[in-house]
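Enquirer: coords below, sequence missing:
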């Protein structure tokens with residue numbers, strides 16, 4: 001052992017002696033030779049370091065160039081397993097997205113995100129000084145029109161009505177007492193004795209006598225009423241005069257029937273008087289009708305223009321109020337403020353989404369399924385949400401959505417208190433039982449799992465050496481982001497989930 005140590009020590013002493021000799025020789029050289037030798041040594045050192053890095057980087061690149069891929073079975077990718085997985089969005093059953101009806105600067109915001117508001121609550125208000133001034137001006141115009149309407153009274157047409165009423169009475173009195181009474185004589189038990197029929201006490205004669213006595217009562221009452229026409233309502237006077245005139249006309253008609261009988265013994269003078277009485281009464285009926293028409297037309301025409309002014313002013317007021325309301329952001333429903341991006345001083349344009357109000361306590365999930373999956377579902381079908389919650393399909397759209405070309409379904413969730421409005425969740429729909437035998441298409445795979453190369457359609461598997469193996473397949477129709485595979489494949493076959501940019505024989509590593 002001592003001899004080995006002595007030999008090693010002697011070796012190192014010899015090396016050190018040679019190095020000292022070299023250093024003394026280097027120092028003995030001219031200055032320019034020392035610089036040249038030093039530069040050469042430095043170049044050799046730098047070159048060695050670069051070569052070492054290059055060799056190490058190549059080795060590292062060789063390792064990292066192996067692309068990581070994920071594998072999955074045909075069954076899980078195609079939905080031929082126990083369930084089909086789709087994506088849905090959580091939203092409130094009752095929700096309103098509020099858009100601004102006009103553009104302007106936000107003057108005030110009266111609530112905040114998370115606050116509860118009732119229906120009709122003013123969430124924000126845009127600059128609206130001019131709109132408020134327009135409302136005030138319209139209110140003034142409307143009040144002025146109403147005041148003008150109240151100040152105008154109908155044209156006083158009652159004097160003509162009173163005159164017509166008095167004329168009708170006097171004409172009726174003359175017709176009865178001067179013309180009709182040529183058929184009656186001395187007063188009797190039932191009334192004035194009728195002169196034209198010898199059988200004056202027959203039933204018809206007694207009826208005419210009583211009717212003539214009733215005319216005396218009618219004329220007496222009418223005479224009293226003419227003394228108070230100045231305070232009576234014109235329409236009431238017209239109705240009263242018409243009623244009395246028609247009673248007299250009926251009596252004259254009955255008397256005329258008796259006078260024109262073959263055995264009435266009526267004289268030509270009596271018949272002429274009766275005709276005069278009939279014409280007088282009919283003329284007064286026509287005069288009362290004319291007075292009524294004139295009175296009503298004068299009453300309406302006197303206020304028509306001011307009524308139109310009131311309506312016009314009211315329309316202007318309603319228009320100004322509508323313009324003001326367009327600058328106010330109100331909650332159309334009661335609920336919680338989920339979205340409120342505006343702040344005081346912001347400028348918004350018309351139809352900008354300024355707020356969202358929803359009833360967050362009542363949530364549902366909206367998702368879209370393909371036509372093939374639609375056949376497996378019905379209202380009341382139970383599904384799984386996020387592998388944690390149980391849900392039930394409440395409704396299924398009867399037709400394809402024109403935008404997504406898929407069918408919309410609504411899902412109610414049981415006991416999903418952790419779900420949040422607006423959250424994206426995964427739904428597991430029931431499907432046909434899992435199959436272990438080879439499946440003949442159509443299998444539906446994601447488009448990313450199929451490499452479209454020239455006239456070939458390929459899915460990749462990975463062999464024992466970690467290299468890609470190309471499996472050519474026949475494809476069918478494309479459904480959204482999925483494609484039909486018509487080639488028979490085993491449901492347990494594990495293929496690369498993303499074939500984009502890969503080539504057969506390429507070395508890959510399987511991502512964990």
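Expert: Cool, the structure landed. The shown structure was predicted, so the numbers you read here are calculated from the model rather than taken from an experiment. Residues are numbered from 1 along each chain as shown.
Enquirer: got the phi and psi for residue 274?
Expert: Phi and psi for residue 274, reported as degrees, to the nearest 10, are phi -60, psi -40.
Enquirer: contacts only, for it.
Expert: 179, 180, 182, 183, 252, 255, 256, 259 (C-beta atoms under 8 Å, 6 or more residues apart in numbering). Where C-beta positions appear, they are placed from N, C-alpha and C, glycine not excepted.
Enquirer: ok, the fifth one to residue 73 distance?
Expert: Think residue 252. For residue 252, the distance to residue 73 equals 113 Å [C-beta to C-beta, to the nearest Å].
Enquirer: can you check the first one too?
Expert: Here the distance between residue 179 and residue 73 works out to 120 Å (C-beta to C-beta).
Enquirer: residue 252 and residue 73: which is more packed in?
Expert: Taking other C-beta atoms under 10 Å, residue 252 and residue 73 do not tie; residue 252 has more neighbours (24 against 16).
Enquirer: helices - which of the contacts of residue 274 land there?
Expert: Using DSSP state H, the subset of those located in helices is 252, 255, 256, 259.
Enquirer: please pull out the lowest mean pLDDT helix or strand from the chain.
Expert: One helix or strand of the chain scores below all others by mean pLDDT, DSSP states H and E: helix 31-64, with a mean of 64.
Enquirer: next structured bit after it?
Expert: strand 67-69 (DSSP states H and E).
Enquirer: give the buried residues for stretch 227-239.
Expert: Buried residues in stretch 227-239, counted by 16 or more other C-beta atoms under 10 Å: 229, 232, 234, 237, 238.
Enquirer: what's the span of that stretch from first residue to last?
Expert: 17 Å (C-alpha to C-alpha, to the nearest Å).
Enquirer: figure out how far stretch 458-478 is from the centre of its chain.
Expert: 50 Å (C-alpha atoms, centre = their mean, to the nearest Å).
Enquirer: averaged pLDDT, that stretch. What do you get?
Expert: Averaging pLDDT along stretch 458-478 gives 88.
Enquirer: and that stretch, what's buried?
Expert: 458, 459, 460, 462, 468, 470, 473, 475.
Enquirer: please read off the pLDDT at residue 212 from the model.
Expert: For residue 212, the pLDDT comes out at 87.
Enquirer: wait, it touches residue 252, no?
Expert: No: taking contacts as C-beta atoms under 8 Å, residue 212 lies outside contact range of residue 252: 10.8 Å.
Enquirer: overlap of the contact sets of these two?
Expert: residue 180.
Enquirer: centre of the chain to the strand ranked longest in the chain, how far?
Expert: In the chain, assigned by DSSP state E, the strand with the most residues is strand 83-92. Mean-position distance between strand 83-92 and its chain equals 25 Å (C-alpha atoms, centre = their mean).
Enquirer: residues near residue 114, how many?
Expert: 10.
Enquirer: got it, and residue 278?
Expert: Quick note: residue 278 (other C-beta under 10 Å) scores 19 neighbours.
Enquirer: go on, residue 244?
Expert: That count, for residue 244 with other C-beta under 10 Å as the rule, works out to 23.
Enquirer: dump the residue contacts of it.
Expert: Applying C-beta under 8 Å, 6+ apart, the residues near residue 244 are 168, 172, 218, 222.
Enquirer: where does it land on pLDDT?
Expert: At residue 244, pLDDT is 91.
Enquirer: point to the residue nearest the middle of the protein.
Expert: Note on the chain: the residue nearest the mean C-alpha position is residue 96, at 9.0 Å, using C-alpha atoms, centre = their mean.
Enquirer: what's opposite that one in the beta bridge?
Expert: In this entry, residue 96 is beta-bridged to residue 357, by DSSP bridges.
Enquirer: and it, how far from residue 466?
Expert: Distance from residue 96 to residue 466, by C-beta to C-beta: 56 Å.
Enquirer: repeat that for residue 230.
Expert: 121 Å.
Enquirer: ok, now residue 274?
Expert: Distance from residue 274 to residue 466, by C-beta to C-beta: 133 Å.
Enquirer: follow-up on the earlier one: ok, and the most crowded of the contacts of residue 274?
Expert: residue 183 (26 neighbours).
Enquirer: dump the residue contacts of that residue.
Expert: Residue 183 touches 194, 195, 196, 255, 259, 266, 270, 274, counting by C-beta under 8 Å, 6+ apart.
Enquirer: quick one: those as CSV, columns for distance to residue 379 and pLDDT too.
Expert: Output for the contacts of residue 183, formatted as CSV (distance: C-beta to C-beta, whole Å; pLDDT from 0 to 100):
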residue, distance to residue 379, pLDDT
194, 92, 84
195, 97, 82
196, 93, 80
255, 86, 87
259, 89, 84
266, 94, 83
270, 95, 85
274, 89, 87
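Enquirer: out of those residues, flag the one nearest to residue 361.
Expert: residue 255 (88.3 Å; C-beta to C-beta).
Enquirer: just to check, the closest one is in contact with residue 207?
Expert: No: counting by C-beta under 8 Å, residue 255 does not reach residue 207; the two are 10.4 Å apart.
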